[in-house]
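A.B. asks: Build me a model from this:
(one chain, ligands or ions: 1)
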Amino acid sequence: RIDRLNKTVTIGLVGKYTKFEDCYASLTRALEHASYHSNRHLQLKYFDSELLSMDPKTGNMAEYHKTWSDFCKVDGIIVPGGFGKRGLEGKIAACKWARENNKPFLGICLGLQAAVIEYGRSVLGLKDADTEEEQPPGQTLEHPVVVYMPEHNPGNMGGTMRLGKHETHFKPEHKSKLKLLYGNKDKIEERHRHRYEVNKKYVPDYEKHGFLFTGVDEKEVRMEIAELRDHPYYVAVQFHPEYLSRPLRPSPPFLGLILAAAGKLDAYIEKECRQVTETDDDDSGKIEF
Ligand SMILES: NC(=O)CC[C@H](N)C(=O)O
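C.D. replies: Numbers count the residues shown, from 1 in each chain. Predicted structure coming up:
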């Protein structure tokens, strides 16, 4: 059946590693699971985030424009996890483009943090919104919208990470497409791997402006899921849903991205997230099963 898929969905993956295929293996598989489930053939395009943000004085602007011209054509965007500040501005630029152009978007871990920084700078007017990750020693940020998690720092590098499965609870006061994609459950469990998190102090301001934190940890102090209210699919998660994706049970955040990129998400949600069949396709007559 997979071999016969005749429609393609193109996803742009924004990362900073040159050997993309190796670094993002579980992510690629999760996107494939979601694509098969959506009756789409996946075309994954890799974009080096450092080519999406450049200093016009020193950068290769021809390469910059070429990268953007290809990037503009994708159906959906994924900004995956990562570490460090190198390449972060390009990821932030990708978040901005997806948000302003109604492109289906999924941010994972650092991808969520980039989306938070972008919204802070562009919409909340926090010009210097940034993450505390890799700031020069002694530097204090004016608007640290992403901060270090002190309780996960018992003193050595290996122990500083928040790892493993943790619960996420959907907030009842918010509408959440992701909650519906997870089968309308009140809480879910996903795997984590991070040292930094959204600064809770800024949450009310974000939510007032339509950037909703629809999922939180069990103590309601840690922001786990963000969704833009007025966007077809702009979802960012602090956890790593790719690890629990399976061929016959695609991970919901990925499924949402692919369905939205294929223009089928709303119909799928209307049908209470029942499996996509060939008859759900606009011109399904062309597909043989
Ligand atoms: N896995 C990730 O994407 C980690 C994001 C970020 N570097 C952090 O440590 O919080």
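
A.B. asks: tell me, what residue is most central in the protein?
C.D. replies: residue 107 (1.3 Å; Cα atoms, centre = their mean).

A.B. asks: ok, now how distant is it from residue 177?
C.D. replies: Distance, residue 107 to residue 177, by Cβ to Cβ, to the nearest Å: 14 Å. C-betas here are computed from N, CA, C, even on glycine.

A.B. asks: when you scan the helix or strand hosting the residue nearest to the centre of the chain, is anything in it near the ligand?
C.D. replies: Here residue 107 is covered by strand 105-108, with elements defined by DSSP states H and E. No - Strand 105-108 stays out of contact with the ligand when judged by Cβ under 6 Å from any ligand atom, the minimum separation being 6.8 Å.

A.B. asks: which residues sit against whichever helix or strand comes after that strand?
C.D. replies: On the C-terminal side of strand 105-108, the closest following helix or strand by DSSP H and E is helix 110-122. The contact list for helix 110-122 (Cβ atoms under 8 Å, 6 or more residues apart in numbering) reads 78-83, 88, 91-92, 94-96, 99, 105, 107, 126-131, 133, 143, 145-146, 194, 196, 198, 202, 206, 209, 211, 223, 226, 234, 236-238.

A.B. asks: what mean pLDDT does helix 110-122 have?
C.D. replies: Per-region confidence: helix 110-122 scores 98 on mean pLDDT.

A.B. asks: List the contacts of the residue nearest to the centre of the chain.
C.D. replies: When contacts are counted by Cβ under 8 Å, 6+ apart, residue 107 touches 78-79, 95, 114-115, 226, 235-237.

A.B. asks: got the residues of the chain near the ligand?
C.D. replies: 81-83, 109-110, 133, 193-196.

A.B. asks: Just those residues: which are in helices?
C.D. replies: Applying DSSP state H to the residues of the chain next to the ligand, the entries found in helices are residue 110.

A.B. asks: Could you check the pLDDT of residue 222?
C.D. replies: pLDDT at residue 222 comes out at 96.

A.B. asks: just use 17 as the starting number from now, easier for me
C.D. replies: Will do, 17 is the new start, and the previous item becomes residue 238.

A.B. asks: quick one: it and residue 231 touch, right?
C.D. replies: No - proximity of residue 238 to residue 231 does not meet the contact threshold set by Cβ atoms under 8 Å, at 9.7 Å.

A.B. asks: So between the two, which is more surrounded?
C.D. replies: Legend: neighbour count by other Cβ atoms under 10 Å for residue 238 and residue 231, higher for residue 231 (28 against 19).

A.B. asks: Could you confirm residue 118 falls within a helix?
C.D. replies: No - membership of residue 118 in a helix is not supported by DSSP: H, G, I helix; E, B strand; the rest coil, which gives coil.

A.B. asks: quick one: residue 125 and residue 256 touch, right?
C.D. replies: Yes - using Cβ under 8 Å, residue 125 is in contact with residue 256, at 6.1 Å.

A.B. asks: which residues of the protein score low on pLDDT?
C.D. replies: For the chain, the stretches with pLDDT under 70 are 17-20, 33-38, 167-175, 291, 293-305.

A.B. asks: Show the residue spans covered by the helices in it.
C.D. replies: Going by DSSP H, the chain shows helices at 36-39, 41-53, 77-87, 104-116, 126-138, 193-197, 219-224, 268-277, 281-286.

A.B. asks: most packed of the ones you listed?
C.D. replies: The highest mean neighbour count among the helices of the chain, using mean count of other Cβ atoms under 10 Å, belongs to helix 268-277: a mean of 28.

A.B. asks: quick check: angle from that one to helix 41-53?
C.D. replies: Using axes from the mean of the first three to the mean of the last three Cα atoms, to 10 degrees, the inter-axis angle of helix 268-277 relative to helix 41-53 is 50 degrees.
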